[in-house]
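Enquirer: coordinates only, sequence not included:
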């Protein structure tokens, strides 16, 4: 009885709260002042036609650096947790999984270049249309996952991938410091000419940062997937 | 007129996608469900994309790539799924008459027929 009363009271309270929220909702016909500033100023300040990428890499560049650091910590932790039992377990795992059939092998061989190309396209078009480093990196890593799933004997070169990832991270920070020296502040992409908004080579250093992000995220996720596939 | 053809194509694609969903509910075991899902969704997706090409003729190259991608991935992934289901001995419907993959493996073939 008391339980039911409690449930009823909770539901009524929730209904009241959300009813008030829904009742006072009016659709906004104009942008908020902050959004207004970004939408009107970003194409001129940065020369970027995709405002979201501009905000992500320029205005919130430090935040993006932090996100990449979080991903790096995840990869390092997974490597620490799963890296110990390298020898015997791996051999047993290889024996357990039979190789995939001919259709799957051929299909993955045909699809892998397509997926990697699409990932590269998404990475380098981040400042023009939807996409960017994180999304493109995830697509590249899905290609690595397809490779590992289709062919159990396939081995990614984890050492080289870690090296690529570290170099990309270092270059990212180096670009940030260049912005500090030659432009307005840390991770300011305006030390390269902004160019014409909408052109492929434009928006200062944003495409560079986007490409580095894509390389870093793709390598990192591939290393993680490689760890789990053993 | 052209938009009418596109709409009809999209509608027939939607009918095929619906039949795929119906097949998932109505079919008796995993293999027949995979079969219903794959065939009908492949054709349904292609018809919908073709309908889109009638609406936006300038998208045709990209839409062709989409069709090729669907044609590549959908059958192959279903093939891999059903092979895996067969390998872990997923039970078949009682009405199943023949199991070509099992026959093939016992006779030492390399698979692929039927």
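Expert: Nice, thanks for sending it over. Here the structure is a predicted model, which means the values were calculated and not measured.

Enquirer: please report the distance of residue A:26 from chain B.
Expert: Using C-beta to the nearest C-beta, to the nearest Å, residue A:26 is found at 34 Å from chain B. No exception for glycine: its C-beta is placed from N, CA and C like everyone else's.

Enquirer: closest point of chain B to chain A, which residue?
Expert: Here chain B gets closest to chain A at one residue, residue B:76, 3.9 Å apart by C-beta to the nearest C-beta.

Enquirer: now do stretch B:28-46: everything it contacts.
Expert: Contact with stretch B:28-46 is made by B:13-17, B:19-20, B:22-24, B:27, B:67, B:70-71, B:74-75, B:78, B:81-82, B:85-86, B:90-96, as judged by C-beta atoms under 8 Å, 6 or more residues apart in numbering or on different chains.

Enquirer: try stretch A:73-84
Expert: By C-beta under 8 Å, 6+ apart, stretch A:73-84 touches A:165, A:220-221, A:223-224, A:227-228, A:230.

Enquirer: of the contacts of stretch B:28-46, which belong to strands?
Expert: Using DSSP state E, the subset of the contacts of stretch B:28-46 located in strands is empty.

Enquirer: tell me the buried residues within those.
Expert: Among the contacts of stretch B:28-46, those scoring as buried are B:13, B:16-17, B:19-20, B:23, B:27, B:67, B:70, B:74, B:78, B:82, B:85-86, B:92 (criterion: 16 or more other C-beta atoms under 10 Å in any protein chain shown).

Enquirer: let me know the closest of these to residue B:103.
Expert: residue B:86 (12.0 Å; C-beta to C-beta).

Enquirer: tell me, how many residues neighbour whatever residue of chain A ends up closest to chain B?
Expert: Closest residue of chain A to chain B, C-beta to the nearest C-beta: residue A:107 (3.9 Å). For residue A:107, the tally of surrounding residues (other C-beta atoms under 10 Å in any protein chain shown) stands at 21.

Enquirer: now the contacts of stretch A:73-84: which count as buried?
Expert: Buried subset of the contacts of stretch A:73-84 (neighbour count, 16+ other C-beta under 10 Å): A:165, A:220-221, A:223-224, A:227.

Enquirer: relative to residue A:119, which of those residues is nearest.
Expert: Set against residue A:119, the nearest of these by C-beta to C-beta is residue A:221 (10.9 Å).

Enquirer: starting from the longest helix along chain B, tell me the next helix or strand along the chain.
Expert: Longest helix in chain B by number of residues (criterion: DSSP state H): helix B:60-87. Going down the chain from helix B:60-87, the next helix or strand is helix B:100-106, by DSSP states H and E.

Enquirer: pull the distance from that next one to the chain's centre.
Expert: 23 Å (C-alpha atoms, centre = their mean, to the nearest Å).

Enquirer: give the other helices and strands that that helix contacts.
Expert: Packed against helix B:100-106 by the contact rule (3 or more C-beta pairs under 8 Å, 6 or more residues apart in numbering or on different chains; DSSP states H and E) you find helix B:60-87.

Enquirer: for chain B, what are the nearby residues on chain A?
Expert: Chain A comes close to chain B at residues A:100-104, A:107, A:110-111, A:114, as judged by C-beta under 8 Å from any C-beta of the partner chain.

Enquirer: where in chain A is the helix or strand with the lowest mean pLDDT?
Expert: helix A:88-96 (a mean of 51; mean pLDDT, DSSP states H and E).

Enquirer: what pLDDT is listed against the residue nearest in space to the middle of chain B?
Expert: The residue lying closest to the centre of chain B (C-alpha atoms, centre = their mean) is residue B:38, at 1.9 Å. Note for residue B:38: predicted pLDDT of 90.
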